[in-house]
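J.: my questions are about this predicted structure, shown below with the sequence.
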Amino acid sequence: MMTMKKFNQTTDSVAAVMWREPVVLSPQSRINEAVERIRQTGLPDQNMSHCYVVAEDFSLLGQVDLRTLLLSRGGVRLETVMAHPFVTLRPEDDQELAAQLMEAYDLSEVPVVDEANRLVGIVTADTAMAVLQEEATEDMERMAAMTPSEEPYLQSGAIRIFRARIPWLLLLMLSAALTGGIISHFEQALAAQVALTAFIPMLMDTGGNCGSQSSVTVIRGLSLGEVRFSDWMRVFWKEVQVGALCALVLAAVNFLRLMVMSQVGIAVAATVSFSLVVTVILADLVGGLLPILAKRLGVDPAVMASPLITTVVDALSLLVYFQSAVWLLKI
């Protein structure tokens, strides 16, 4: 029986986490021979529930679960009871893909084959669960604008945590200069209507929150394989609808609040409310489409989540607000 070949593996590849010694049997083997083989050698991992039927060159022909072995007659050959694998993986595939496939099709393990369909290993459910936990942790760290760390928090030194946080903090601080430049550009408009200044935080916060909600929803869909790049038009239309509904409710409540509590003029209240409508819709679109674009470009979609999306939305909300004020208030 031939030896399994070795692969160049990356940290995130299937080859890095697969079991390399699954139970392999000949298609001519009988059920009683297979059971005896398993009894003598055991299973490499307690979560394994299949043995694999291979040709002399290790080409994968089929698989047989332990339940079938126990319920079939001892003299029956494996080739008559084996089933063809529902899905297979390649060693260079991403670990997250393995976890997604196992979750989508409710599989306890998936065989890994090379380009010639030779069996080289298997990925089990417990491995897939560990991968999902790691990916979820990395996504949370990236969404918080931090470089992912594999060490537990209390075991990480202050310098290591500092290095993980400071690059993004510097980038986001410098990107804030964009919003400052927009405010400076419309300085005369602000001077003519000082009341407009008080509503800037509300617009920016609302836009950022809407963008974050949209991005988290889409990123989850991308990670589960529910959303693909080809779905971008559907995402666009859905976010337009959701954004419009949210915007109308928020704008109506805001208009009443300004008229009753802030006691500003109708023109100012209308300007702020109109800006809120446009900001919310744009924020939903940015939050929904940027992660899809990132996935297409091979970048982790979580990188596009807040606070990066918040920074983009802040700039857009200010542009919309001040330009609306210039048009509607004639300043």
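T.: Arrived safely, thanks for sending. Residues are numbered from 1 along each chain as shown.
J.: helices along the stretch 51-200 of the chain, start to end?
T.: Using DSSP state H, counting those that start in this stretch, the helices of the stretch 51-200 of the chain run over 66-71, 78-81, 95-105, 125-143, 158-185, 187-192, 200-223.
J.: minimum distance to Tyr52: which of the ones you listed has it?
T.: Smallest distance to Tyr52 across these (C-beta to C-beta): 9.8 Å, for helix 78-81. In this view, the C-beta of every residue, glycine as well, is placed from N, C-alpha and C.
J.: list the contacts of the closest one.
T.: 25-31, 34, 53, 61-62, 64, 68, 72 (C-beta atoms under 8 Å, 6 or more residues apart in numbering).
J.: quick check on these: which are buried?
T.: Buried members of these, counted by 16 or more other C-beta atoms under 10 Å: 25-26, 29-31, 34, 53, 61-62, 64, 68, 72.
J.: rebuild the contacts of helix 78-81 as JSON lines, extending it with distance to Ile183 and pLDDT.
T.: Listed next are the contacts of helix 78-81 as JSON lines, based on distance: C-beta to C-beta, whole Å; pLDDT from 0 to 100:
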{"residue": "Leu25", "distance to Ile183": "72", "pLDDT": "90"}
{"residue": "Ser26", "distance to Ile183": "75", "pLDDT": "91"}
{"residue": "Pro27", "distance to Ile183": "73", "pLDDT": "92"}
{"residue": "Gln28", "distance to Ile183": "78", "pLDDT": "92"}
{"residue": "Ser29", "distance to Ile183": "76", "pLDDT": "91"}
{"residue": "Arg30", "distance to Ile183": "80", "pLDDT": "92"}
{"residue": "Ile31", "distance to Ile183": "77", "pLDDT": "92"}
{"residue": "Ala34", "distance to Ile183": "74", "pLDDT": "88"}
{"residue": "Val53", "distance to Ile183": "69", "pLDDT": "93"}
{"residue": "Leu61", "distance to Ile183": "68", "pLDDT": "93"}
{"residue": "Gly62", "distance to Ile183": "67", "pLDDT": "92"}
{"residue": "Val64", "distance to Ile183": "69", "pLDDT": "91"}
{"residue": "Thr68", "distance to Ile183": "70", "pLDDT": "88"}
{"residue": "Ser72", "distance to Ile183": "76", "pLDDT": "88"}
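J.: would you format those residues as JSON lines with distance to Asp12 included?
T.: Output for these, formatted as JSON lines (distance: C-beta to C-beta, whole Å):
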{"residue": "Leu25", "distance to Asp12": "31"}
{"residue": "Ser26", "distance to Asp12": "34"}
{"residue": "Pro27", "distance to Asp12": "34"}
{"residue": "Gln28", "distance to Asp12": "39"}
{"residue": "Ser29", "distance to Asp12": "36"}
{"residue": "Arg30", "distance to Asp12": "41"}
{"residue": "Ile31", "distance to Asp12": "39"}
{"residue": "Ala34", "distance to Asp12": "35"}
{"residue": "Val53", "distance to Asp12": "30"}
{"residue": "Leu61", "distance to Asp12": "30"}
{"residue": "Gly62", "distance to Asp12": "29"}
{"residue": "Val64", "distance to Asp12": "31"}
{"residue": "Thr68", "distance to Asp12": "34"}
{"residue": "Ser72", "distance to Asp12": "39"}
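J.: just the closest of those residues to Phe322, please.
T.: Of the contacts of helix 78-81, the one sitting nearest to Phe322 (C-beta to C-beta) turns out to be Gly62, at 66.7 Å.
J.: surely Arg118 and Ser59 touch.
T.: Yes - Arg118 lies in contact with Ser59 (C-beta atoms under 8 Å); the separation is 5.6 Å.
J.: which among the buried ones among the contacts of helix 78-81 gets closest to Ala251?
T.: Among the buried ones among the contacts of helix 78-81, and counting by C-beta to C-beta, the member closest to Ala251 is Gly62, at 61.1 Å.
J.: how near is the closest one to Leu43?
T.: In this view, Gly62 and Leu43 are 18 Å apart by C-beta to C-beta, to the nearest Å.
J.: dump the C-alpha coordinates for stretch 321-331 into CSV.
T.: Only the C-alpha atoms of stretch 321-331 are listed here, as CSV (Å, rounded to 0.1, in the frame of the first residue of the first chain):
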residue,chain,number,x,y,z
TYR,A,321,-25.6,67.1,5.4
PHE,A,322,-23.7,70.2,4.4
GLN,A,323,-24.5,70.0,0.7
SER,A,324,-28.2,69.6,1.6
ALA,A,325,-27.9,72.7,3.9
VAL,A,326,-26.4,74.7,1.1
TRP,A,327,-29.2,73.7,-1.3
LEU,A,328,-32.2,73.9,1.0
LEU,A,329,-31.2,76.8,3.3
LYS,A,330,-29.5,78.8,0.5
ILE,A,331,-26.4,79.5,2.5
